[in-house]
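S.K.: Model the following, please.
(2 chains)
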Amino acid sequence: AQSVTQLGSHVSVSEGALVLLRCNYSSSVPPYLFWYVQYPNQGLQLLLKYTTGATLVKGINGFEAEFKKSETSFHLTKPSAHMSDAAEYFCAVSAPSGNQFYFGTGTSLTVIP
Amino acid sequence: NAGVTQTPKFQVLKTGQSMTLQCAQDMNHEYMSWYRQDPGMGLRLIHYSVGAGITDQGEVPNGYNVSRSTTEDFPLRLLSAAPSQTSVYFCASSTIMRATEAFFGQGTRLTVV
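M.R.: Below you'll find the model as predicted:
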């Protein structure tokens, strides 16, 4: 069975500061991992995904995430926060055997000017 | 390029009323799914379909019906609306290839009074 835990339902950072959003997963098989972003009153948009190969994955808008199998983690980072990064972020896992996604509860990111 | 289109965007229902949330995709995706998003709970899978004529239940199927008569459309029916079904509903689609991401509609905000 797959599941996702996102630590911290709300994260606040100052503009220009490092963004770190945490995600830990549980999976009985090597998973596929995703980060999605949701801006207010919009649907979810893919930021980045890990399937196989390089464990450091780069996505859109300067975000990146590193798959660490030993820690069962897939934390999302961005070196310098921008006001436009304020949104809800969801980590998700899907099993290699199917298309079902299992989402975390989300982290709301606030960027302070 | 419309992607995944959901209608309506907003709906208010009285307890006991029925309605259908529409979802259409123009990407020829085999896999379609419905999620509900509630505060602090992330996205939970209601129903999904791997192709025309094939549907299955997700995590929270009670009170909802689906059908898939064409590849493009995947409507969600509320048979007798209850206040507990007040939520934001998202439709998503993807290919059935492994490691593929899901594409989301803009959501339907439903209030049951």
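
S.K.: Show me where the chain dips below the pLDDT cut-off.
M.R.: Answering for chain A, as no chain was given. Residues of chain A meeting the criterion pLDDT under 70: A:95-98.

S.K.: Actually, chain B is the one I wanted.
M.R.: Scanning chain B for pLDDT under 70 picks out the ranges B:1.

S.K.: quick one: stretch A:26-33 near chain B?
M.R.: Yes: applying C-beta under 8 Å from any C-beta of the partner chain, one finds that stretch A:26-33 is in contact with chain B at residue A:32. C-beta coordinates here come from the backbone N, C-alpha and C atoms, glycine included.

S.K.: Let's see that stretch as CSV, backbone CA atoms only.
M.R.: Output of stretch A:26-33 as CSV, limited to C-alpha atoms (Å, rounded to 0.1, in the frame of the first residue of the first chain):
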residue,chain,number,x,y,z
SER,A,26,5.4,4.7,2.4
SER,A,27,5.4,2.1,-0.4
SER,A,28,5.8,-1.6,-0.6
VAL,A,29,7.5,-1.2,-4.0
PRO,A,30,9.7,1.5,-5.5
PRO,A,31,7.3,4.3,-6.1
TYR,A,32,6.8,7.1,-8.6
LEU,A,33,6.7,10.4,-6.8
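
S.K.: Contacts made by it with the rest, please.
M.R.: A:1-5, A:23, A:25, A:49-51, A:65, A:67, A:69, A:72, A:74, A:91-97, B:98-99 (C-beta atoms under 8 Å, 6 or more residues apart in numbering or on different chains).
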